[in-house]
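K.L.:
Model the structure of this input:
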Amino acid sequence: MEYNSDEHEVLPDMPVSPSGHYFNSSVLSLCIVAVLEFEVPIDDSLAMTLLRDVFLPINPRFSSIMVEDKKGVKKWKKVEVKLEDHINVPTIPTGMSLEFYDDYFNDYLSKVSLDRLPQNKPLWEVHLLKYPTSNAAGNIVFKLHHALGDGYSLMGALLSCLQRADNPSLPLTFPSRESSRRRDERNNGIFWRSGHMFFGVGNTISDFGSTFIKSNFIKDGRTPIRSGEDGVEFRPSIITTLIFSLDRIKQIKAKLGVVSI
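P.N.:
Model (predicted):
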């Protein structure tokens with residue numbers, strides 16, 4: 001079903017942001033793929049209810065499509081969401097080895113990452129993979145178009161759908177370093193804050209200069225991540241998973257000498 005701005009009312013208070021224009025065009029379509037791993041088998045009987053009552057109310061863009069008004073300006077148009085059109089449950093052979101399911105999972109993610117989201121329905125979809133892998137008893141894959149928001153806001157939206165195992169009535173929380181940060185700032189005083197500000201300004205100038213030089217005068221060298229070959233964007237993508245424990249993250253942070261912001 002095609003939506004035309006001449007036939008459907010466009011909400012004037014929901015313009016598409018410049019980044020939304022950039023991430024969703026005829027030459028570029030950028031999405032975020034997030035995977036939730038489960039320690040127990042997935043029960044998809046509650047999927048419809050959770051998406052309708054918890055996920056959709058988080059952001060009006062989750063139930064809107066991108067359309068153009070008579071002047072050619074793109075805006076978000078509220079539509080009726082058919083959840084069954086957004087949920088995918090692949091059927092695969094049962095009783096296979098974990099190695100088989102691991103390979104299937106990686107190939108499935110690669111395919112999902114390359115498929116373009118249709119423009120005639122809200123720009124997201126959910127995939128329920130109800131089979132075990134080496135890392136989980138089941139996986140839920142969220143594919144969210146980058147035009148819906150940046151990575152930080154979209155991850156916050158997904159995490160807000162979760163509940164605490166010890167007390168589902170309480171919101172999901174993570175350890176915070178805000179209290180210790182404030183205590184450190186009080187102990188160090190104005191000199192620490194001034195030095196931190198100049199350090200940040202210096203990093204910004206350095207990053208801008210480096211980006212300007214590389215984008216205009218110097219080409220990036222070849223690395224295991226950058227092949228430097230023409231047409232690489234049209235080749236199939238491969239998903240590789242690396243798992244880091246929190247202790248390992250702390251070791252990397254200490255080794256690099258970086259601070260949390």
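K.L.:
tell me the average confidence for stretch 48-55?
P.N.:
The average pLDDT for stretch 48-55 rounds to 89.
K.L.:
Quick check: buried residues in it?
P.N.:
Using 16 or more other Cβ atoms under 10 Å as the test for burial, stretch 48-55 gives 51, 55. From N, CA and C alone the C-beta is placed, and that goes for glycine too.
K.L.:
So what would you say the end-to-end distance of that stretch is?
P.N.:
Counting by Cα to Cα, to the nearest Å, you get 10 Å between the two ends of stretch 48-55.
K.L.:
And for stretch 69-83?
P.N.:
In stretch 69-83, first residue to last residue: 26 Å (Cα to Cα).
K.L.:
what's the offset of it from the middle of its chain?
P.N.:
Mean-position distance between stretch 69-83 and its chain equals 22 Å (Cα atoms, centre = their mean, to the nearest Å).
K.L.:
I'd like the mean pLDDT over it, please.
P.N.:
88.
K.L.:
again with stretch 153-161
P.N.:
The average pLDDT for stretch 153-161 rounds to 82.
K.L.:
Dump the C-alpha coordinates for it into PDB.
P.N.:
Only the C-alpha atoms of stretch 153-161 are listed here, as PDB (Å, rounded to 0.1, in the frame of the first residue of the first chain):
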ATOM      1  CA  SER A 153      18.100   7.000  22.100                       C
ATOM      2  CA  LEU A 154      17.100   3.700  20.300                       C
ATOM      3  CA  MET A 155      19.000   1.600  22.800                       C
ATOM      4  CA  GLY A 156      17.400   3.500  25.600                       C
ATOM      5  CA  ALA A 157      14.000   2.800  24.100                       C
ATOM      6  CA  LEU A 158      14.700  -1.000  23.900                       C
ATOM      7  CA  LEU A 159      16.100  -1.100  27.400                       C
ATOM      8  CA  SER A 160      13.000   0.700  28.700                       C
ATOM      9  CA  CYS A 161      11.000  -2.300  27.500                       C
END
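K.L.:
what's in contact with it?
P.N.:
Residues outside stretch 153-161 that contact it (Cβ atoms under 8 Å, 6 or more residues apart in numbering) are 32, 34, 36, 50, 54-55, 58-59, 142, 144, 148-149, 171-172.
K.L.:
could those go into CSV alongside secondary structure?
P.N.:
Output for the contacts of stretch 153-161, formatted as CSV (DSSP: H, G, I helix; E, B strand; the rest coil):
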residue, secondary structure
32, strand
34, strand
36, strand
50, helix
54, helix
55, helix
58, helix
59, coil
142, strand
144, strand
148, helix
149, coil
171, coil
172, coil
